[in-house]
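> I would like to see how this sequence folds:
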Amino acid sequence: MALKITVIGTGYLGATHAAAMAELGFEVLGLDVVPEKIEMLSAGRVPMYEPGLEELLARHVAGIEGSSGRLRFTTSWEEVGEFGDVHFVCVNTPQKRGEYACDMSYVDAAFSSLAPRLKRGALVVGKSTVPVGSAARLAKLLAEQAAEDVELAWNPEFLREGFAVQDTLRPDRIVAGVGSERAEKLLREVYATPISEGSPFVVTDFPTAELVKTSANSFLATKISFINAMAEVCEAADGDVVKLAEAIGHDERIGSKFLRAGIGFGGGCLPKDIRAFMARAGELGVDQALTFLREVDSINMRRRGHMVELARESVGGGSFLGKRIAVLGATFKPDSDDVRDSPALNVAGQIHLQGGQVTVYDPKGMANAERLFPTLGYAETALEAVRGADAVLHLTEWREFRELDPAKLGEVASARIVLDGRNALDPVKWRKAGWTYRAMGRPTA
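Have a look, this model is predicted:
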């Protein structure tokens, strides 16, 4: 008999996972404790922007004309417990307020609510990013509160915002932290399609599975901060960080990905994950092993302040008072509406607090940005954002911004000064249209 799957938590990760499991042919029941979210998903709508996700939901949500009907949503823990053979826990693990450590309250609440409802054999699969050691503790909770033949597995997610559907259906690797052959067999059954299509299936113990996600994010954060540190050196030495990155990227031991210097990383994963990793290392007594991550974090945050100073220089080097600044970009990355810990909004906010009149435009993140920073100005188009601006800051590398006509923008700007915080614009095109172009780590480019 085909496995029935539940997904606990229907945020960014959970909604995508639930829709993808239905696409793979399973009957799926998603649970959330927020009724409004369940109502929205049951209508085939998503509470966030993610390319392809709404279309995937429409293909499978029960009650939508033409759908497979394999995907439903509920707020009932009892219904989930009775329905599922495999239960994926996909709830959030934010940073604790005022601390580096991970807030496990949502994960703990999910397991505590689910375990007593599991009256028959089942596999509970953690996908949330958690501190190493959490799985062993949660396995003990299941042993105490759930049926005897309920097991735990840990299967970390590696989703990239903007590519989440693709990354779930065709993952570049599947990591299965398991304690038995039965748990491995069930996960192989769940992921049979991507495995058959070539996705590597890596079997580990619990601690290793937990460490894979935080290690991967720490490596990526380190690579980004490395090239941004090189950008600082290039600016001091009149070098060109873009050419430097191109040259070292040809070395196959290094590779070219994540070597674009700019205002650094943000979002809901990398910053909080590397901080939680440092905190957990301290608890384990191996804090010295990860002290380099403090510098990675420091370099990353320093880039935001540097962009503010570049903007100050561009408008005369003094106060921002009376100066109009256009900011292109609000989300932490393109192809997303996520503004959590967004470097673009952080820069915009700093300039605003220092007296600048800041107007922001973003293709998808405007509503979320306005909720977070209601005192900033917002425009409905890039052209309107640039109108009357003394300087234009390009801070999120949306394709729309790369395709802008700098000549048209120049007609409405007060001064033709553009600061490329992502090294993604074509300097030749902008300079040809009469703009003074400046990019991070490229003082002479």
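
> Going by C-alpha atoms from here, please, whenever you check contacts or count neighbours.
Fine.

> All the strands of the stretch 151-300 of the chain, in order from the start?
Assigned by DSSP state E, counting those that start in this stretch, the stretch 151-300 of the chain shows strands spanning 174-177, 201-204.

> Show me how far the lengthiest helix in the chain is from its chain's centre.
In the chain, taking DSSP state H as the definition, the longest helix is helix 206-237. Centre-to-centre, helix 206-237 and its host chain are 15 Å apart (CA atoms, centre = their mean, to the nearest Å).

> Run through the neighbouring helices and strands of it.
helix 134-145, strand 150-154, strand 174-177, helix 241-249, helix 270-283, helix 292-314 (3 or more CA pairs under 8 Å, 6 or more residues apart in numbering; DSSP states H and E).

> would a markdown table of the strands of the stretch 151-300 of the chain with mean neighbour count and mean pLDDT be doable?
Formatted as a markdown table, the strands of the stretch 151-300 of the chain follow (neighbours: other CA atoms under 10 Å; pLDDT from 0 to 100):
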| stretch | mean neighbour count | mean pLDDT |
| --- | --- | --- |
| strand 174-177 | 24 | 98 |
| strand 201-204 | 16 | 98 |
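
> Quick one: the ones you listed as TSV, columns for distance to residue 370 too.
As requested, the strands of the stretch 151-300 of the chain are arranged in TSV below (distance: least, CA to CA, whole Å):
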stretch	distance to residue 370
strand 174-177	37
strand 201-204	42
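
> Ok, which of these comes nearest residue 383?
Ranking the strands of the stretch 151-300 of the chain by distance to residue 383, with CA to CA as the measure, places strand 174-177 first at 43.7 Å.

> for residue 250, what are its contacts?
Residue 250 is in contact with residue 256, counting by CA atoms under 8 Å, 6 or more residues apart in numbering.

> again, but for residue 33
Contacts of residue 33 by CA under 8 Å, 6+ apart are 9, 75.

> What pLDDT is listed against it?
Residue 33 carries a pLDDT score of 95 in this model.

> Looking at the chain, which residue reaches furthest from the middle?
Distance from the centre of the chain peaks at residue 148, with 36.7 Å (CA atoms, centre = their mean).

> Mind checking the strands of the stretch 151-300 of the chain for the one nearest to residue 416?
Using CA to CA, the nearest of these to residue 416 is strand 174-177, at 48.5 Å.

> Report how many residues lie close to the closest residue in space to residue 262 that isn't next to it in sequence.
Distances taken as CA to CA, 6 or more residues apart in numbering put residue 422 closest to residue 262, at 4.5 Å, once the chain neighbours are dropped. By other CA atoms under 10 Å, the residues close to residue 422 number 19.

> if we can go back for a sec, and the residue farthest from the centre of the chain, helix, strand or coil?
Assigned by DSSP: H, G, I helix; E, B strand; the rest coil, the conformation of residue 148 is coil.
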